[in-house]
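Undergrad: no sequence on this one, just coordinates:
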Ligand SMILES: Nc1ncnc2c1ncn2[C@@H]1O[C@H](COP(=O)(O)OP(=O)(O)OP(=O)(O)O)[C@@H](O)[C@H]1O
């Protein structure tokens, strides 16, 4: 947790001011009982109204100073804690942005969201408390103890017996609290994850009549969160009655012995009132302390979760190459490439070798789960190969900078993902500085221009979240336009034409040819495969056949079967 508080460094001066103001408040608080004792002893008991007026006036003036200090301290505490939260959130967000896919696989999205929001908020609260009340509570205890020793050291000894007991009780409370609040944050993750899945899959849930099942899942996760939170809060609530009991007992003992001392003329009423006042303040500080300790317990759990993200070693290292080299031709070579996902550690690609000449088209064919998408993700280095190497124009892609390598590639992933914004903005995602002419050209090439101009505001039509107001095929074509506008040297289409009719698909393939880029297409359609220069047949992560349509139809039994299945048994 201390590591995270290093983010407060830039607020050193403001923290100093906030603490000075807090000390002013504390001084007034601790000096008040003394003034009160004076008013009673020298004013009320002696019937001296002038003394009452003078010390009363001083007390009012000090209270105004304390009130103003409190307000300004609060203002600074909010400013510092909000700034700290902003800096920390930014740092965590930037770290997540630098994550490789392998790193991302380790953290569920919902958990990252909770860490970025709720966990940062917990730490923010602790910073606020630290500036407003946290440092005050222990100082208040120490100050009140010293003052009560000055006022009446014999009676103050009662507090020395009570305080260690309270301290032990609070340490026990804190140790239990940390574990419980860690559990609360984990349960919150689960609720967020269930909610996220539910909201993003709402259409499917309705179509499959899974509403009740999902509701049960949510209710279970929510109930679990409620139970754990209640358990944690019960710990906090337990502290209050214990403190009140101890406080009232201590005051009773002070009054009992105080009474005896007054009778023996060893002390006076004013001092006893002051002592009772200090005892009340000590107990109050203890209750604030308990509240702070619980906050700290919660923040410690949050700090651990945030540090876990910040401490991740990003396993993809950027290549040394410059981002401004000349564009490549697009020759691609897979040289004995094997790959496994870090979380499963099983080979999904095994000794894959093939060569693609620039400007040619390769169709990648294979059963589901055979490793096609995994193979594609290695080219823009979303993951790194586990063995072997991939070369672009003879150079290992790991030596190139990410920016440079990815600038050469247009990637249309299997799952079409559009962003809220206009149609134009979505196409521009592929090239920030694209002109309107380039945008229209890309849309025409992707066979989506005609559809766009029929939309209410054409290119300025706003897309709903994830493009809800478009059909599956329209979304696919828009993502193809987004990739084509970059005029990439390598174009990767991961099953991106599955929702298109044969005629539209043929037109897109024609437009792609005119880009003269190296194109790799994952497809299940034999019509697309047939026009490719090379076909790669993958099975369980291995290349089992390679060649053009005619070669494979002659040599590969698997290819023959695929061909026949889509040509209704017709053998060529
Ligand atoms: N992020 C991941 N972490 C762990 N394993 C994964 C991950 N993504 C895919 N896999 C596994 O890798 C294997 C290959 O998956 P891949 O998505 O590459 O297959 P595919 O041929 O593209 O399948 P499909 O045609 O169904 O899209 C599968 O066994 C899959 O379970």
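TA: Great, that's in hand. Owing to the predicted nature of the structure, the values given are computational and were not obtained by experimental measurement.
Undergrad: And the strands in the chain, which stretches?
TA: Ranges of strands in the chain, per DSSP state E, are 332-340, 347-356, 361-366, 387-392, 395-396, 409-412, 421-422, 462-463, 490-494, 518-522, 534-539, 542-547.
Undergrad: Please give me every residue in contact with the residue nearest to residue 429 when sequence neighbours are not counted.
TA: Leaving out its chain neighbours, the residue that sits closest to residue 429 by C-beta to C-beta, 6 or more residues apart in numbering is residue 482, at 5.3 Å. Where you see a C-beta, it was placed from the backbone N, CA and C, and this is true even at glycine. Contacts for residue 482 were tallied using C-beta atoms under 8 Å, 6 or more residues apart in numbering; they are 412, 426, 427, 429, 430, 442.
Undergrad: can you do 6 Å?
TA: Listed by C-beta atoms under 6 Å, 6 or more residues apart in numbering, the contact set of residue 482 reads 427, 429, 430.
Undergrad: Looking at these, which is nearest residue 300?
TA: residue 429 (40.4 Å; C-beta to C-beta).
Undergrad: What does that closest one show for phi and psi?
TA: phi -50, psi -30 (degrees, to the nearest 10).
Undergrad: just the one 4 residues further on next, same as before
TA: Dihedral angles of residue 433 (phi, psi; degrees, to the nearest 10) stand at phi -100, psi 20.
Undergrad: Quick check: pLDDT value at it.
TA: As predicted, residue 433 sits at a pLDDT of 80.
Undergrad: how close does it get to residue 440?
TA: 15 Å (C-beta to C-beta, to the nearest Å).
Undergrad: Ok, residue 187 next?
TA: 51 Å.
Undergrad: cool, and residue 478?
TA: For residue 478 relative to residue 440 (C-beta to C-beta), the value is 13 Å.
Undergrad: neighbour count winner among those two?
TA: residue 478 (25 against 18; other C-beta atoms under 10 Å).
Undergrad: Spell out which residues make up each domain of this structure.
TA: 2-310, 332-566 (automatic domain parsing).
Undergrad: right, and residue 333 touches residue 389 too?
TA: No. Contact between residue 333 and residue 389 fails when scored by C-beta atoms under 6 Å: they sit 8.3 Å apart.
Undergrad: Which one's more surrounded, those two?
TA: Applying other C-beta under 10 Å to residue 333 and residue 389 shows that residue 333 carries more neighbours, namely 19 against 16.
Undergrad: check contacts around that one.
TA: 355, 391.
Undergrad: confidence score at it?
TA: 90.
Undergrad: ok, what's across the strand from it?
TA: residue 355, residue 391 (DSSP bridges).
Undergrad: how much space between it and the ligand?
TA: 20 Å (C-beta to the nearest ligand atom, to the nearest Å).
Undergrad: Get me the contact residues on the protein for the ligand.
TA: Counting by C-beta under 6 Å from any ligand atom, the residues of the chain close to the ligand are 105, 341, 343-344, 348, 366, 368-374, 414.
Undergrad: Try it again at 8 Å.
TA: Counting by C-beta under 8 Å from any ligand atom, the chain comes close to the ligand at 101, 105, 341, 343-344, 346, 348, 366-377, 414, 494-495, 522, 524, 538, 541.
Undergrad: Can you say which of those are buried?
TA: Buried residues within the residues of the chain next to the ligand, defined by neighbour count using 16 or more other C-beta atoms under 10 Å: 341, 348, 366, 370-377, 494-495, 522, 538, 541.
Undergrad: For the residue in the stretch 101-250 of the chain that the ligand sits nearest to, which non-adjacent residue is spatially closest?
TA: Nearest to the ligand, among the residues of the stretch 101-250 of the chain, is residue 105, at 5.1 Å (C-beta to the nearest ligand atom). Nearest non-adjacent residue to residue 105, counting by C-beta to C-beta, 6+ apart: residue 343, 5.3 Å away.
Undergrad: Return the backbone torsion pair for the closest residue to the ligand within the stretch 201-350 of the chain.
TA: The minimum distance from the stretch 201-350 of the chain to the ligand, using C-beta to the nearest ligand atom, falls at residue 341 (3.4 Å). When read as degrees, to the nearest 10, the backbone of residue 341 gives phi -70, psi 140.
Undergrad: Mind pulling up the pLDDT for it?
TA: Per-residue pLDDT puts residue 341 at 87.
Undergrad: Please enumerate residues in contact with stretch 16-36?
TA: So stretch 16-36 is in contact with 55, 59, 62, 66, 69-70, 72-73, 76-77, 131, 136, 139, 143, 147, 274, 277-278, going by C-beta under 6 Å, 6+ apart.
Undergrad: What is the distance between it and the centre of its chain?
TA: Here the centre of mass of C-alpha atoms in stretch 16-36, compared against the chain's by C-alpha atoms, centre = their mean, to the nearest Å, lies 39 Å away.
Undergrad: cool, and stretch 341-357?
TA: That offset, for stretch 341-357, works out to 31 Å (C-alpha atoms, centre = their mean).
Undergrad: cool, and stretch 72-79?
TA: The mean C-alpha position of stretch 72-79 is separated from the chain mean by 26 Å, C-alpha atoms, centre = their mean.
Undergrad: Make residue 1 into 294 and carry on from there
TA: Will do, 294 is the new start, and the previous item becomes stretch 365-372.
Undergrad: And the average pLDDT for it is what?
TA: 91.
Undergrad: same thing with stretch 531-549?
TA: 85.
Undergrad: Buried residues of that stretch, list them for me.
TA: Neighbour count says stretch 531-549 has 532, 535, 536, 539, 540, 543, 544, 546, 547 buried, by 16+ other C-beta under 10 Å.
Undergrad: Helices - which of these land there?
TA: With DSSP state H as the criterion, helices contain 532, 535, 536, 539, 540, 543, 544, 546, 547 from among the buried residues of stretch 531-549.
Undergrad: hmm, back to that, using PyMOL, define a selection of the buried residues within the contacts of stretch 309-329.
TA: Provided next is the PyMOL selection string for whichever of the contacts of stretch 309-329 are buried by 16+ other C-beta under 10 Å:
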select buried, resi 348+352+355+359+362+363+366+369+370+424+429+432+436+440+567+570+571
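Undergrad: Which other helices and strands does the lengthiest helix in the chain contact?
TA: Longest helix of the chain, by residue count under DSSP H: helix 429-493. Under the contact definition 3 or more C-beta pairs under 6 Å, 6 or more residues apart in numbering; DSSP states H and E, helix 429-493 sits against helix 305-331, helix 402-407, helix 504-556, helix 562-603.
Undergrad: Pull the distance from the third one to the chain's centre.
TA: Offset of helix 504-556 from its chain centre (C-alpha atoms, centre = their mean): 31 Å.
Undergrad: thinking again about what came up before, could you verify my assumption that the residue of the stretch 394-543 of the chain closest to the ligand touches residue 633?
TA: No. Contact criterion C-beta under 6 Å: residue 398 and residue 633 do not qualify, at 12.0 Å.
Undergrad: hang on, isn't residue 797 packed against residue 738?
TA: No. The pair residue 797 / residue 738 is not scored as a contact, 11.8 Å apart, by C-beta under 6 Å.
Undergrad: Of the two, which one has the most company?
TA: Remark: of residue 797 and residue 738, residue 738 carries more neighbours, 21 against 17, as counted by other C-beta under 10 Å.
Undergrad: residues near residue 710, how many?
TA: Count around residue 710 with other C-beta under 10 Å applied: 12.
Undergrad: nearest residue to residue 766 other than its sequence neighbours?
TA: residue 792 is the one closest to residue 766 (C-beta to C-beta, 6+ apart), at 4.0 Å.
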